[in-house]
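**Student:** Give me a 3D structure for the following:
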Amino acid sequence: MVRAAGTYAKVVQEPGAKCVLRLPSGAEKAVDSRCHATIGIVSNPSHGTRKLRKAGHSRWLGRRPVVRGVAMNPLDHPHGGGEGRTKGGRPSVSPWGKPTKAGYRSPSVASRKAFAGTKLIQFRK
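**Tutor:** Okay, the predicted model is just below:
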């Protein structure tokens, strides 16, 4: 559950069959009190701050390059195309033409609310 370098979870309460943990995100989650755990903090807290040095190191981690819409062709993105450098010519949209700014609801918010199930006591702050 909490396995990244330099992270830990705290036991908030242990009333009986369920034990409430406070996760690094601030969320509180109920787990079975009979579960096994390792005491302590995962080593190497500076793991996430190291420099990757080149684009290839990012690719080794499975991260794809981020390409701007205005740098694409018109068939790849609504902002693409044009002669020379252009400003995009329309409000910010996704590659599929959906608005992306000014309070539009993104799929990540909807999935987060769907995740708030029975085991999650308190969502992150």
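**Student:** So Val12: helix, strand or coil?
**Tutor:** The three-state label given to Val12 by DSSP: H, G, I helix; E, B strand; the rest coil is strand.
**Student:** And Gly56, by the same measure?
**Tutor:** Gly56 ends up helix, using three-state DSSP.
**Student:** In a helix, Ile121, correct?
**Tutor:** No. Counting by three-state DSSP, Ile121 is not part of a helix but strand.
**Student:** hang on, it packs against Leu23?
**Tutor:** No. Taking contacts as Cβ atoms under 8 Å, Ile121 lies outside contact range of Leu23: 10.4 Å. Any C-beta I mention is one placed from the backbone N, CA and C, and that applies to glycine too.
**Student:** Disregarding residues adjacent in the polypeptide, which is nearest to Ser94?
**Tutor:** Thr100 (5.4 Å; Cβ to Cβ, 6 or more residues apart in numbering).
**Student:** thought the one you found was touching Arg90?
**Tutor:** No. Using Cβ under 8 Å, Thr100 makes no contact with Arg90, being 11.5 Å away.
**Student:** Please report how far Trp96 lies from Pro78.
**Tutor:** Distance, Trp96 to Pro78, using Cβ to Cβ, to the nearest Å: 8 Å.
**Student:** Of the two, which one has the most company?
**Tutor:** Relative neighbour count places Pro78 above the other of Trp96 and Pro78, with 19 against 7, counting by other Cβ atoms under 10 Å.
**Student:** Check which helix or strand the residue of the chain most remote from its centre maps to.
**Tutor:** The C-alpha centroid of the chain is most remote from Glu83, which lies 36.2 Å away (Cα atoms, centre = their mean). Here Glu83 sits in a region with no helix or strand, counting by DSSP states H and E.
**Student:** give me every residue that touches it.
**Tutor:** By Cβ atoms under 8 Å, 6 or more residues apart in numbering, Glu83 lies in contact with nothing.
**Student:** And Glu14, by the same measure?
**Tutor:** Contacts of Glu14 by Cβ under 8 Å, 6+ apart are Val20, Ser33.
**Student:** what are the phi and psi angles of Lys18?
**Tutor:** Backbone torsions of Lys18, given as degrees, to the nearest 10, read phi -110, psi 150.
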